[in-house]
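K.L.:
using only what follows, build the 3D model:
(one chain, ligands or ions: 1)
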Amino acid sequence: MSSHPRRLGRLQPGLLAPRFGAPLLARAGSRFTVESIEAPEPAAAPVEAALLSAADAQHFPLSVLTTTSTKMEQGLCLVKRVVCAPDAPPDGYDLRLRRAGGEPELAPRSVWLRKEAPTTPGALQLAHLTDLHVGSRGRAGDRLLHVIAEINAREPDLVIITGDVANNGDRAHHYPNAVRILSTLRAPSLIVAGNHDHGFSPRAIAGLGFGPGWYHFADAFHSFLHFGLQLGGWDFIGFDSGPSRLAPLVGTRGLDADALAALSRDLDAAHARGSRGVVLFSHTPVRSRLTGSRPSARRGAVAGMARGTRAFEELLRRAARRGQRVIHLAGHTHWMEVFELDAEGQRFMRWDHRRIGPDAQTITTPVALINTQSASHSGIPIKRTGLGYGFVRLLLDAADPQIHFHRYASLPPRS
Ligand SMILES: [Fe+2]
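P.N.:
Residues are numbered from 1 along each chain as shown. From the prediction side, this is the model:
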């Protein structure tokens, strides 16, 4: 995990991890760590911590086993509490923390207890949705609810949401709506911000720093620009691809040297651990073509990142050379596209668009890039794979990954 919440350079006290969108997965009955940024307290100050079952409003007190505190700037501390809820059964929970005399803090859908340890290898089903644009007009909200119902019916192990959660992050009221809607997902959700979440303030667009959009996102979800978890023998790493930039193309600022170094370390660590593969996810795709529909190795000029694109692809080529499986999930363009690294490990070839249909497809090479259409909006009319709305499902096990495209032309009739 990296990054702490700051407003104009000042640290923001509050619950840091786990949070909605950067959840904690643990075996039921095991210990786990809760992190928060706090003003120093007497060591014996009591803390009430509990897990609240989202399904039936049951309440499980957390025992605090150890507390460690590290001084930060501005007179604040990073406090880590090792906790345990011995009686809580496998389920998804809201975390509630209340320090003596303070208001309770709630992290919805942030703790997911499982029968097995998350690191136990097993078959995984993953749902990927993106570009929700909560707060936009029309039937977008109904389409998103339809997608969530379709995802819940398939009982995935994990849901990945690659940004543009809010239509305009500068408007704080979009986020409580997004939290309410996404709380109906019955699986742990990993969420990264998109350029719409970062908002369109001059500060964000001109690259002067984070604007109000990112703070609103961090209040509702989490403040991590780079984070991850392990599940079923796979590694899942989310990273921020930045706000919009001042440019005629729909690009974002992209990855700086620190972000690329962190991704490189993650890929190396997963490889050294013998991980089955790594799923990377971020908002902006590293390549996307507006024209044509046939296989092509051309990068395309739309929707790229201003920096870090080529270095990111080089990390993927390096992974492929050592036989490491890596899948990158993105959105942003509002159309479906898949690229696979060719057998020589050099060129990223776009799939023929006819493969993006009702039949499941197999990813046979080590590295694939998957761009998913919006879960709530039709894309531009000339891209057939962006018409309607939808999501993607991935089946990950010991064999080659399978990808299912779930696409809907229009809302089902009301029952
Ligand atoms: Fe979008």
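K.L.:
okay, now His173: neighbour count?
P.N.:
9 (other Cβ atoms under 10 Å). No exception for glycine: its C-beta is placed from N, CA and C like everyone else's.
K.L.:
actually, Ser293.
P.N.:
So Ser293, with other Cβ under 10 Å, has 15 neighbours.
K.L.:
for the helix or strand that contains Ala368, packing partners?
P.N.:
Assigned by DSSP states H and E, Ala368 belongs to strand 367-371. Packed against strand 367-371 by the contact rule (3 or more Cβ pairs under 8 Å, 6 or more residues apart in numbering; DSSP states H and E) you find helix 309-321, strand 326-330, strand 337-341.
K.L.:
these: which one's closest to the ion?
P.N.:
strand 326-330 (10.8 Å; Cβ to the ion).
K.L.:
strand partners (parallel or antiparallel) of the closest one?
P.N.:
strand 277-281 (parallel), strand 367-371 (parallel) (DSSP bridges).
K.L.:
on that earlier part again, who's in contact with whichever helix or strand comes after the strand holding Ala368?
P.N.:
Sequence order places strand 389-396 as the next helix or strand after strand 367-371, per DSSP H and E. With Cβ atoms under 8 Å, 6 or more residues apart in numbering as the test, strand 389-396 has contacts from 123-130, 143, 147, 150-151, 154, 156, 232, 234, 276-277, 279, 327, 329, 336, 360, 370, 372-378, 401-408.
K.L.:
what's the answer for stretch 317-324, then?
P.N.:
267, 270-271, 277-278, 325-326, 341, 345-346, 365-367.
K.L.:
what mean pLDDT does it have?
P.N.:
Averaged over stretch 317-324, pLDDT sits at 96.
K.L.:
how far out from the middle of the chain is that stretch?
P.N.:
24 Å (Cα atoms, centre = their mean, to the nearest Å).
K.L.:
what does stretch 336-344 give?
P.N.:
22 Å.
K.L.:
endpoints of it, how far apart?
P.N.:
End-to-end distance for stretch 336-344, by Cα to Cα, to the nearest Å: 25 Å.
K.L.:
in it, what's buried?
P.N.:
Residues of stretch 336-344 classed as buried: Met336, Glu337, Val338, Phe339, Glu340, Leu341 (neighbour count, 16 or more other Cβ atoms under 10 Å).
K.L.:
and the nearest residue to the second one once chain neighbours are set aside, what are its bridge partners?
P.N.:
Spatial nearest neighbour of Glu337, chain neighbours left out: Asn371 (4.4 Å); criterion: Cβ to Cβ, 6 or more residues apart in numbering. In this entry, Asn371 is beta-bridged to Ala330, Glu337, by DSSP bridges.
K.L.:
against Lys383, how distant is Asn371?
P.N.:
11 Å (Cβ to Cβ, to the nearest Å).
K.L.:
tell me which of these two has more neighbours.
P.N.:
Between Asn371 and Lys383, counted using other Cβ under 10 Å, the more crowded position is Asn371 (29 against 21).
K.L.:
wait, doesn't that one sit right on Ser288?
P.N.:
Yes: the pair Asn371 / Ser288 is scored as a contact, 5.9 Å apart, by Cβ atoms under 8 Å.
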